[in-house]
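Enquirer: give the three-dimensional model of this entry:
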Amino acid sequence: MIKLVETGSNFMTTIGAFDAKTHLAALLDRVAKGERITITRQGVPAAMLVPVNGGAPKLTHEQIVAGMRALRKRVKAGTMTVRQMVNQGRRF
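Expert: Just a heads-up that it's a prediction; the model follows:
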C-alpha cells in the first residue's frame, strides 16, 4: 500500500517492502523524476529511495570535440592498421 505522509510543507511517499519489491520499476521511474520514497517494514521506515544528484556534468559538443583533438595529439598511431589492432585485441 502506498501512502502520502505530510512532513512539514512537503509530502513524502511511503510504501511497504513487499509492495516496493513488486513495483520497483515504477518506483524507480518516480524517483528519477525527483520524488523521494520511504520503504517501510511493518510500518517502520527501513530505507529511502532518492534521486541521484546530477551525476557527472554534461559536456557540450565543443568540449567533446576539443577533448578528442587533444587525445589525437597525445596518442600516435603506430605501424598497425585499425583492422590489425582490432584483431590483436580479440586474441586476449
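
Enquirer: and the end-to-end length of stretch 65-82?
Expert: With C-alpha to C-alpha, to the nearest Å applied, stretch 65-82 spans 21 Å between its terminal residues.

Enquirer: same check, this time on stretch 20-34
Expert: By C-alpha to C-alpha, one end of stretch 20-34 lies 17 Å from the other end.

Enquirer: same question for stretch 39-46.
Expert: 6 Å.

Enquirer: geometric centre of this protein: which residue is closest?
Expert: Closest to where the C-alpha atoms of the chain average out (C-alpha atoms, centre = their mean) is Val52, at 6.8 Å.

Enquirer: could you look up the SS state of it?
Expert: At Val52 the chain is in coil, as set by DSSP: H, G, I helix; E, B strand; the rest coil.

Enquirer: quick one: low-confidence parts of the protein?
Expert: 1-11, 54-56, 77, 91-92 (pLDDT under 70).

Enquirer: can you give me the strands for this protein?
Expert: Using DSSP state E, the strands of the chain run over residues 2-7, 10-16, 37-41, 44-49.

Enquirer: what lines up beside the third one in the sheet?
Expert: Read that as strand 37-41. With DSSP bridges as the test, strand 37-41 is paired with strand 10-16 (parallel), strand 44-49 (antiparallel).

Enquirer: tell me how far Ala17 lies from Gln63.
Expert: Counting by C-beta to C-beta, to the nearest Å, the separation of Ala17 from Gln63 is 43 Å. Placement of C-beta: from N, CA and C, glycine included.

Enquirer: how about Lys73?
Expert: On the measure of C-beta to C-beta, Lys73 and Gln63 end up 16 Å apart.

Enquirer: so if I had to pick from these two, which one is more boxed in?
Expert: More neighbours surround Gln63 than the other of Lys73 and Gln63, with 11 against 7 (other C-beta atoms under 10 Å).

Enquirer: columns mean neighbour count and distance to Arg36 on top of the strands paired with strand 37-41, output as CSV?
Expert: Formatted as CSV, the strands paired with strand 37-41 follow (neighbours: other C-beta atoms under 10 Å; distance: least, C-beta to C-beta, whole Å):
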stretch, mean neighbour count, distance to Arg36
strand 10-16, 15, 6
strand 44-49, 12, 6
